[in-house]
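A.B. asks: Here is the input, now give the coordinates:
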Amino acid sequence: MNRQVGHSALIRRAQPLDAADLLALITEHIRYERADVTVEADLVHRLDAWMDQGRIEIFVAAAPQPFPDGRGLLGYAALTRDVATWTGREYGHLDCLFVREPARGHGVGRRLFNHVLERCREVGLSQIQWQTPAWNLRAVGFYERLGAIHHPKQRFTITIE
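C.D. replies: Here you go, the predicted model:
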C-alpha cells in the first residue's frame, strides 16, 4: 500500500453496510492484542443499537478501492463517553483504534485519531483517554508523537457471572 492510499482514505461514521468488514477488523484487533475474547454472533447488531442510542460512535477509514481480499476498511476507531469522578467532567474514551497491517505507517491511524479528537471538540469534551498494551511499543510511540502523556496504571478485569 502506498502513502497516497492512506491519505486518500475516507474517514466516516460506520454504516450498516460496513458490518462484515467491521467485524473482521474487530476480530483482527483482538488477535493482534493477544486478547482472550470470543466475538459473539450478535456483536454487530449490538454495536448498531448502541450507535443508534448514542452510546458509542465508530469511525472507519474506507479505502478508495478494496484490498485484494475484498475488504474495503483500513481501520476503525471507537469513541465512548465517560465521567471522571475526581473532576466531575465528562471525557472521551477512545475504546479502540486499530489499523490493518498493510495500512500502518501511511497516516491512517493519525487521521482516525484526529477525527475522534475533532468529534470530542464538537461535543464539548476537553479530554480523551485510552490505553494500549505495554508491549505494543509501536502504538506507544505513535501516541507519544501525537503529544499524549503516559500515566502508568494497571488495568484489572473481573468477569461477573
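
A.B. asks: Show me where this protein has its strands.
C.D. replies: Ranges of strands in the chain, per DSSP state E, are 10-13, 57-62, 73-84, 89-99, 128-129.

A.B. asks: Reformat these into CSV and put mean pLDDT next to each item.
C.D. replies: Converted to CSV, the strands of the chain look like this (pLDDT from 0 to 100):
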stretch, mean pLDDT
strand 10-13, 95
strand 57-62, 96
strand 73-84, 96
strand 89-99, 96
strand 128-129, 94
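
A.B. asks: which stretch among these comes nearest Thr27?
C.D. replies: strand 89-99 (10.5 Å; C-beta to C-beta). Any C-beta I mention is one placed from the backbone N, CA and C, and that applies to glycine too.

A.B. asks: elements contacting the closest one?
C.D. replies: On a contact count with 3 or more C-beta pairs under 8 Å, 6 or more residues apart in numbering; DSSP states H and E, strand 89-99 meets helix 19-32, strand 73-84, helix 108-122, strand 128-129.

A.B. asks: ranking the strands of the chain by burial, who's on top?
C.D. replies: Ranked by mean neighbour count under mean count of other C-beta atoms under 10 Å, the strands of the chain are led by strand 57-62, which reaches a mean of 22.

A.B. asks: Please compute how far that one lies from its chain's middle.
C.D. replies: 8 Å (C-alpha atoms, centre = their mean, to the nearest Å).

A.B. asks: just stretch 101-117 next, same as before
C.D. replies: With C-alpha atoms, centre = their mean, you get 10 Å for stretch 101-117.
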